[in-house]
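Participant: Could you look at this predicted model? Sequence included:
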Amino acid sequence: MKFLMTIAYLLFLTLSIHVSATTSNRSSWKLVKDEAKGVQLYKEGKFEEAYKKLSVTAKLGLKQSQYFMAFMYLKGQYIEQSVVTGLAWLGVAKESKIKEWSDTYDSIYSKLSKDSKMLVDSRQKLFIEQYGMRAQKVECETRKSSIRARKKSVIFCQKRDKAELLTYEVG
């Protein structure tokens, strides 16, 4: 009887882990789809709808979402314009090491006053602590697109606590 109980318990644990991993995998792909939809909405000029998608996925560590959130703040698209918040988001996004993003950040940051730089640094530190790769358990790797005609970067991101690889093209 004890043997049967042990087998039943192990079977239950195995099924629970499988269901949890499957649910987790589905939710991660939903996030990537939400991000892609948010980017599409942004490019169509539908900033309110884009914000609703991108603000969620950015906080969960998705780099392209963070990049587009940065520009929504920098340009005041749907939300109140804020160079400090925009650069903080861009600072988190540049963890992915995409050169164009870092160059844009550096270009804008270099033009700020000393006081503004201190505000950006403070907010960026907070955002990285909350939404950065380490906090959200995200690992990203950037590669150039394998398609010759497209000179875009492709970013590969993976949640460390999950088995799936989240892949999307930047730009």
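Facilitator: Looks like it arrived, so ask away.
Participant: Look at Ser116 and say how many residues are nearby.
Facilitator: Ser116 has 14 neighbours, counted by other CB atoms under 10 Å. Using the backbone N, CA and C atoms, a C-beta is placed for each residue, glycine as well.
Participant: quick one: it from Thr85, how far?
Facilitator: 12 Å (CB to CB, to the nearest Å).
Participant: Also Lys114?
Facilitator: Distance from Lys114 to Thr85, by CB to CB: 19 Å.
Participant: the more surrounded of these two?
Facilitator: Shown here are Lys114 and Thr85; by other CB under 10 Å, Thr85 has more neighbours (21 against 6).
Participant: Would you check that the more buried one makes contact with Arg123?
Facilitator: Yes - counting by CB atoms under 8 Å, Thr85 touches Arg123, with 6.4 Å between them.
Participant: For the spatially most central residue of the chain, give me phi and psi.
Facilitator: The chain has Leu62 as the residue nearest its centroid, 1.1 Å off, counting by CA atoms, centre = their mean. Here the main-chain torsion angles of Leu62 (degrees, to the nearest 10) amount to phi -80, psi 120.
Participant: Look at it and report its pLDDT.
Facilitator: Per-residue confidence for Leu62 comes out at a pLDDT of 91.
Participant: can you check Glu100 too?
Facilitator: At Glu100, the pLDDT value in this model is 93.
Participant: Mind telling me what element it is part of?
Facilitator: Element membership for Glu100, per DSSP states H and E: helix 99-109.
Participant: After that helix, which helix or strand is next?
Facilitator: Tracing the chain C-terminally past helix 99-109 and defining elements by DSSP H and E, one meets helix 114-131 next.
Participant: What is that following helix packed up against?
Facilitator: The contact analysis (3 or more CB pairs under 8 Å, 6 or more residues apart in numbering; DSSP states H and E) places helix 114-131 against helix 47-59, helix 83-93.
Participant: wait, isn't Leu41 in contact with Glu49?
Facilitator: Yes - proximity of Leu41 to Glu49 meets the contact threshold set by CB under 8 Å, at 4.6 Å.
Participant: Who has more neighbours out of those two?
Facilitator: Set Leu41 next to Glu49 and count neighbours by other CB under 10 Å: Leu41 wins out with 19 against 16.
Participant: ok, Asp103 to Lys46 distance?
Facilitator: Taking CB to CB as the criterion, Asp103 is separated from Lys46 by 28 Å.
Participant: For these two, work out which one has more neighbours and name it.
Facilitator: Neighbours of Asp103 and Lys46, each counted by other CB under 10 Å, are more numerous for Lys46; the result is 14 against 11.
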